[in-house]
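K.L.:
Make a model of this:
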Amino acid sequence: MATDFNKEYKLFEKDILKNNPKSDVNLIKKAYDFAELHHRGQKRNSGEDYFIHPIAVARKLSEMKLDDETICAGLMHDVLEDTDVSREQMAEVFGEEITFLVDGVTKLKNLNYTSREEKQAENIRKMVMAMSNDVRVVLIKLSDRLHNMKTLEYMTRKKQIQIADETLEIYVPLAHRLGIYSLKWELEDLCFRYQEPEKYYELAEMVNVKRREREAYINEIIDTLSKSLSGTNINFEISGRPKSLYSINKKMERNGIAFDEIYDLTAIRVIVDTIAECYAVLGKVHSLWRPIPNRIKDYIGQPKPNGYRSLHTTVFGEDSRPFEVQIRTRKMHKECEYGVAAHWRYKENNNTKSDFDDAMSFLRRIVEWQQEGGKDENNQEFMETLKNDFFSREIYVYSPAGEVYSLPMDACSIDFAYKIHTEVGNKCVGAKVNGRMVPITYKLKTGDLVEIITSKNSHGPSRDWLNIVKSNQAKNKIKQFFKRNDKEENIEIGKNSVIKEIKKNRQAYKSLLKDEWIKKIANDLGYPTEDEMYASVGYGKTNVEQITQKLLKFEADEKKINDETKAIEFTDRKIKNSGSSEIRVSDLEENIEVKLAKCCTPVPGDPIIGFITKGNGISVHVKTCPNIINLKSPERLIDVYWQNTREDKFPVKIQILTSNAPSILYDITKMMSTVNINILAINARTDQDEGIIDLILEVNNMDQLSDLITKLKALKTVDNVYRVKN
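P.N.:
This next block holds a predicted model:
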């Protein structure tokens, strides 16, 4: 049944005005009608009208209190990609700002890469650039992903897992970094639901079983705290916030505990008007319940890098059951729910611009890292950098001046030195943590006060530091140092590293270092010469395993080609064009040499054609052979015919796909013996859980081959059988 979009708009406009009474509904209605018209007739996998999706995206953007232009762009975010509307046409109707946002989202989608990893890496690179121009582009993309996750049930199981994995690896950390916790939590639970459905629903049921008991306990806490605060002049709101299933599961996995051992399934949230009232409420909470040591976190005095501000404390309740209390102002609460989206709104109103800048500090770090050398990393390295530096758990440490710095978990003093400045890192010779000397490899912890000791006489970083530091910012700066200073040494180190890596598995290495292979790898990795590639290994940019794995693949491919060529040559047949020959050639003298082509191995029954070679007689091909179809000399083709082939044998290659059962080779060879077919060559291998068997056989004609393929397909251990003509 078609959706009534006129009726749907009335509900949509009501939501828009509820979130922002000053919205320009005329502009929004114009975008609504424009997008609905151009998406008309399009359907989603669920069967519903496609325009339902852009409405959901725009509604989420409205909930985040974003501006009218962003809501319009949300309504039209798929128009440039999925309809015949051009960028120029949209700009003419809606102006440059809205069109820029729509075009930015479209560019994030128009990616076509050879692997999932490449797609993810390039997607993030695109998002970094989009955010650096206008963060609203990524807010639209996040809202788009949220609704797609909500409707993932209509996709195949394989697609569900792929999209959920990508969402958890990229979009969830991005929402966290942008401080949009409401969206982050929702995405996490949806990912959990599709990645591990059995565990998800089992946990949901366990949570639901004791829900009433838990709600009664929380209500009792809320009543106690409300009575205590009612005698003050504080304007407060108290609520209970259940923890997400994803976070509960992660806590169980992290601590190795059962569900029954988790007590803090719900947090108490107190919202007040001022910062002073936040600290006053904290005092009241600690007077009512005993606080747990080291579980008090002041994110108001020291906000997280993404702008998050709140007071957290965990206390012992009745029967020593712990529960968490979060205390924040109303403004902080909006910022917590909608993160950078809330900061954007304040920025547009010319208020608290510094808050917006703080919230976007992580973006500036990504852009700076890209400019410092991150843009030269391959996609695998790029994704590792993002996961380690920007999307991982963090620690927060202090400089002697009291400045807060965020670093990846397990970072050391060297990471901190390079965080301050490149030259501080290059000249680092030691460190003091909390006033005492420590090794530069010392792992820092949240709250540490770190002082870096430098020396003008330092010759620079050690290559060993590349294996010690955790932040890719530090790694890049160390690599740059060696790239600038020791090119010849880097080349020598790189060559020796490649040889050493090869020797881990074999002593003979020279046969792998063929000039053409090395040149090909250097070109594939984007280096103009082999020396440039070796130097990049020397200063740590290129992983030596990238090179050795490619070399081993070249060797394996060459061996396979040689083996197959030998097998084919073994079966190559030369015959004479006489009265009893297998093939008759039109309009040519007898006794001319006729050969069956190796590339397509014709079998009696195949439609065939002859090709007059230069000095080697006639080569007979299957008419559909690519070498014939793409022939540049059609005048050298000649008609040929099968004749008198009942007693002759012809080589043919087939490929069998199997379930990789232990008995498969026995089953196949037994089948061959029953139908009296000779096996000339066999090559068996596995690819993940699938077995692949290549066979070169001798058959009399197509009928015998077709009968064999039918019988092979009937075997339980065989999934499919193909004739290989090339």
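K.L.:
Could you use CA atoms for every contact and neighbour count after this?
P.N.:
OK.
K.L.:
Any stretches of the stretch 251-400 of the chain with poor pLDDT?
P.N.:
For the stretch 251-400 of the chain, residues meeting the criterion pLDDT under 70 lie at 263, 305-306, 338-393.
K.L.:
ok, residue 444 - contacts?
P.N.:
By CA atoms under 8 Å, 6 or more residues apart in numbering, the contact set of residue 444 is 395, 397, 410-413.
K.L.:
of these, buried ones?
P.N.:
Buried members of the contacts of residue 444, counted by 16 or more other CA atoms under 10 Å: 395, 397, 410-413.
K.L.:
Now, those residues that are in helices?
P.N.:
residue 413 (DSSP state H).
K.L.:
Tell me the buried residues in stretch 595-614?
P.N.:
595-598, 600-604, 606, 608-612.
K.L.:
Just the closest of the residues you listed to residue 497, please.
P.N.:
residue 598 (41.6 Å; CA to CA).
K.L.:
Over to that closest one: give its phi and psi.
P.N.:
phi -70, psi -30 (degrees, to the nearest 10).
K.L.:
Also residue 471?
P.N.:
Torsion angles, degrees, to the nearest 10, at residue 471: phi -80, psi 130.
K.L.:
now residue 543, nearest residue through space, not along the chain?
P.N.:
Distances taken as CA to CA, 6 or more residues apart in numbering place residue 537 nearest to residue 543, at 6.3 Å, with adjacent residues excluded.
K.L.:
in what helix or strand does that neighbour lie?
P.N.:
In this assignment (DSSP states H and E), residue 537 forms part of helix 530-538.
K.L.:
Show the contacting residues for the closest residue to residue 74 other than its chain neighbours.
P.N.:
Sequence neighbours aside, residue 58 is the residue nearest to residue 74 in space, at 4.7 Å (criterion: CA to CA, 6+ apart). The neighbours of residue 58, taking CA under 8 Å, 6+ apart as the test, are 71-75, 143.
K.L.:
So which of these wins on neighbours?
P.N.:
residue 74 (34 neighbours; other CA atoms under 10 Å).
K.L.:
Let me know the average pLDDT across the host helix or strand of that residue.
P.N.:
Using DSSP H and E, residue 74 sits within helix 68-75. Regarding helix 68-75, the rounded mean pLDDT is 95.
K.L.:
Start the count at 21 instead of 1 going forward.
P.N.:
Yes, from this point I'll number from 21; that puts the last item at helix 88-95.
K.L.:
That helix packs against which elements?
P.N.:
Helices and strands touching helix 88-95, by 3 or more CA pairs under 8 Å, 6 or more residues apart in numbering; DSSP states H and E, are helix 45-59, helix 72-83, helix 116-129, helix 156-170.
K.L.:
let's go with 10 Å and repeat that
P.N.:
If you count contacts as 3 or more CA pairs under 10 Å, 6 or more residues apart in numbering; DSSP states H and E, helix 88-95 packs onto helix 45-59, helix 72-83, helix 107-114, helix 116-129, helix 156-170.
K.L.:
Other residues contacting the following helix or strand past that helix?
P.N.:
Counting by DSSP H and E, the next helix or strand C-terminal to helix 88-95 is helix 99-102. For helix 99-102, contacts defined as CA atoms under 10 Å, 6 or more residues apart in numbering pick out 54-56, 58-59, 62, 74, 93, 105-107, 109-110, 119, 122-123, 125-127, 129-130.
K.L.:
Out of these, which end up buried?
P.N.:
For the contacts of helix 99-102, buried by 16+ other CA under 10 Å: 54-56, 58-59, 74, 93, 107, 110, 119, 122-123, 125-126.
K.L.:
Relative to residue 46, which of these is nearest.
P.N.:
Closest to residue 46, out of all of these and judged by CA to CA, is residue 54, at 12.2 Å.
K.L.:
From residue 47, how far out is the closest one?
P.N.:
Residue 54 sits 11 Å away from residue 47, taking CA to CA, to the nearest Å as the criterion.
K.L.:
again with residue 316
P.N.:
Note on residue 316: its distance to residue 47, by CA to CA, is 47 Å.
K.L.:
Then residue 533?
P.N.:
Where residue 47 is concerned, residue 533 sits at a distance of 65 Å (CA to CA).
K.L.:
do the same with residue 571
P.N.:
Computed with CA to CA, the distance linking residue 571 and residue 47 is 60 Å.
K.L.:
which of those two has more neighbours?
P.N.:
residue 571 (21 against 14).
K.L.:
That one sits in which helix or strand?
P.N.:
Per DSSP H and E: helix 564-591 holds residue 571.
K.L.:
now that helix: mean pLDDT?
P.N.:
The average pLDDT for helix 564-591 rounds to 67.
K.L.:
so residue 66 sits in a strand?
P.N.:
No: according to DSSP: H, G, I helix; E, B strand; the rest coil, the state of residue 66 is coil, so it is not within a strand.
K.L.:
List the contacts of it.
P.N.:
171-175.
K.L.:
Most neighbours among these, please name it.
P.N.:
residue 172 leads these on contacts (other CA under 10 Å) with 21 neighbours.
K.L.:
isn't that residue right next to residue 210, touching?
P.N.:
Yes: counting by CA atoms under 10 Å, residue 172 touches residue 210, with 9.1 Å between them.
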